[in-house]
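> Mind folding the following:
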Amino acid sequence: MAQSLDEIVWEAPQFFMSGDPFWLNLHPNNIHFYFHESPFFDRMSNNSAIETQAKVDPTKNYLLADRKLFEQAVKDMPSGGLEFIIVSEPQQLANGSSNDTWIMQKQHRSKTHNEPDDVTVMGQWLIVGIQIIQAPSVYDVLANRFLATTLALNKFMTTAASLPSFSPAAGHSYVPVTTRKQGAPSAVQSRAGSPGPEALSQPTVMKQGAQAPTSQRAVEQSLFDALMSSIRYGTEYMDKNPLNGEPGSFVFKSTNAHIKQQEDAQAKAAETLKAMQESTAMTATQTPKSQIETQILQAKRGIPALDKLRTAGAKPKPSRKKSKAPLSPT
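Numbers count the residues shown, from 1 in each chain. Now for the predicted structure:
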């Protein structure tokens, strides 16, 4: 099976060992012809046609010595088609050296009369030093990143799945519940059917089937208690300003001004209740003398009413008949 082109690193150091001044090193005027020898080059491209014409026709031989003129001749092909163009040259670094990296682009040019050319990019190659490697496509990059992300998430979920445990009594827990260690095995071994001395001193353990109903009832009762506690105290919070929302989008339930108003109202209500309690306590602890003085004061304020009551309760005076003088005889 042929190796995929995106897995090949191609180089040809023999070109730079011939002693030809044109091939002392890679430079802008021989970079195309070096790439033409690699397996990435397409012999049906316009570059191959222009190179053949320049080698056969002496009037076009100058195209082989100037990269920009060579690329312009490739772009000016009247029919358009497949072409290879240098889109990036080595860049100057801060320390004065060059990164020695070229980018060759494979593209298809479509020509339409009186309209700009339509260029479709088909691939890119990096030329680093004398090595040529194919640049990965966007699909390859995203597929690789998604695969790495999926594998990492799968590993995380596998590890995290064994950590949490839930029970109605204790709720969620990330630390396994420690069970009581069983006692060390008896030093006195007994044959099957004959219990040892330690077994006789311990109560007989019930079978698993007999414990199941009791255990199930305890679980149901714990679950019911947890549900009732959630219904009864679900809206109560230990914090003054609890958080609402979900992980990643938590918000405070109230503003600071609202919390300040609530605290002031609670403090005022507490002061009012304390004053009422103190007033009630003072009234309950009055001495008999103060109670008598209070009754006398109330009696003085009610004197008119008392006189009226006395008048109403007095005995009426006896009525006397007036005596008439005897009539004289006429």
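> Which stretches in the stretch 1-150 of the chain count as helices?
Ranges of helices in the stretch 1-150 of the chain, per DSSP state H, counting those that start in this stretch, are 31-36, 46-56, 67-75, 138-161.
> With distance to residue 220 and mean neighbour count as extra columns, can I get the ones you listed in TSV?
From N, CA and C alone the C-beta is placed, and that goes for glycine too. Output for those, formatted as TSV (distance: least, CB to CB, whole Å; neighbours: other CB atoms under 10 Å):
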stretch	distance to residue 220	mean neighbour count
helix 31-36	77	18
helix 46-56	81	17
helix 67-75	82	17
helix 138-161	26	10
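> Which one, of the ones you listed, ends up nearest to residue 108?
helix 46-56 (10.0 Å; CB to CB).
> pLDDT on the closest one, on average?
For helix 46-56, mean pLDDT rounds to 92.
> Can you add distance to residue 171 and give the helices of the stretch 1-150 of the chain back as TSV?
TSV is the format used below for those (distance: least, CB to CB, whole Å):
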stretch	distance to residue 171
helix 31-36	67
helix 46-56	71
helix 67-75	71
helix 138-161	18
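> okay, residue 263: pLDDT?
83.
> Next: the one 5 residues further on.
Each residue has a pLDDT score; the one for residue 268 is 90.
> same question, the one 10 residues further on
In the predicted model, residue 278 carries a pLDDT score of 85.
> between the helices of the stretch 1-150 of the chain, which one is nearest to residue 100?
Residue 100 sits nearest to helix 31-36 of all these, at 11.5 Å, using CB to CB.
> And the closest one, how far out from the chain middle?
A distance of 51 Å separates the centroid of the chain from that of helix 31-36, by CA atoms, centre = their mean, to the nearest Å.
> Renumber starting at 47 from here on
Renumbered: residue one is now 47, and that last one reads helix 77-82.
> Any chance you could list what contacts that helix?
With CB atoms under 8 Å, 6 or more residues apart in numbering as the test, helix 77-82 has contacts from 58, 61, 72, 87, 93-94, 97, 110, 113, 116-117, 130, 132, 148, 150, 171, 173, 176, 178.
> one step back: out of the helices of the stretch 47-196 of the chain, nearest to residue 277?
helix 184-207 (30.4 Å).
> State which strand of the protein is the longest.
For the chain, the strand with the greatest residue count under DSSP state E is strand 161-174.
> Which strands or helices does that one pack on?
When contacts are defined as 3 or more CB pairs under 8 Å, 6 or more residues apart in numbering; DSSP states H and E, strand 161-174 packs onto helix 77-82, strand 147-158, strand 177-180.
> Save the ones you listed as JSON lines, and put in distance to residue 327 and mean pLDDT too.
Listed next are those as JSON lines, based on distance: least, CB to CB, whole Å; pLDDT from 0 to 100:
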{"stretch": "helix 77-82", "distance to residue 327": "103", "mean pLDDT": "92"}
{"stretch": "strand 147-158", "distance to residue 327": "92", "mean pLDDT": "92"}
{"stretch": "strand 177-180", "distance to residue 327": "93", "mean pLDDT": "93"}
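> Columns distance to residue 202 on top of the ones you listed, output as JSON lines?
JSON lines is the format used below for those (distance: least, CB to CB, whole Å):
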{"stretch": "helix 77-82", "distance to residue 202": "44"}
{"stretch": "strand 147-158", "distance to residue 202": "37"}
{"stretch": "strand 177-180", "distance to residue 202": "33"}
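> Of all those, which one comes closest to residue 312?
When the helices and strands packed on strand 161-174 are compared by CB to CB, strand 147-158 sits nearest residue 312, at 71.1 Å.
> mind listing what that closest one pairs with, with the direction of each?
When pairing is defined by DSSP bridges, strand 147-158 lines up against strand 127-134 (antiparallel), strand 161-174 (antiparallel).
> a markdown table for the ones you listed, including mean neighbour count and mean pLDDT?
Below are the strands paired with strand 147-158 laid out as a markdown table (neighbours: other CB atoms under 10 Å; pLDDT from 0 to 100):
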| stretch | mean neighbour count | mean pLDDT |
| --- | --- | --- |
| strand 127-134 | 17 | 93 |
| strand 161-174 | 13 | 91 |
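> of all those, which lies closest to residue 50?
With CB to CB as the measure, strand 161-174 is the member of those nearest residue 50 (12.8 Å).
> For residue 316, find the nearest of the helices and strands packed on strand 161-174.
That would be strand 147-158 among the helices and strands packed on strand 161-174, by CB to CB, at 76.5 Å.
> relative to helix 113-121, how tilted is that closest one?
Orientation note: strand 147-158 sits at an angle of 30 degrees relative to helix 113-121 (axes from the mean of the first three to the mean of the last three CA atoms, to 10 degrees).
> No further questions, thank you.
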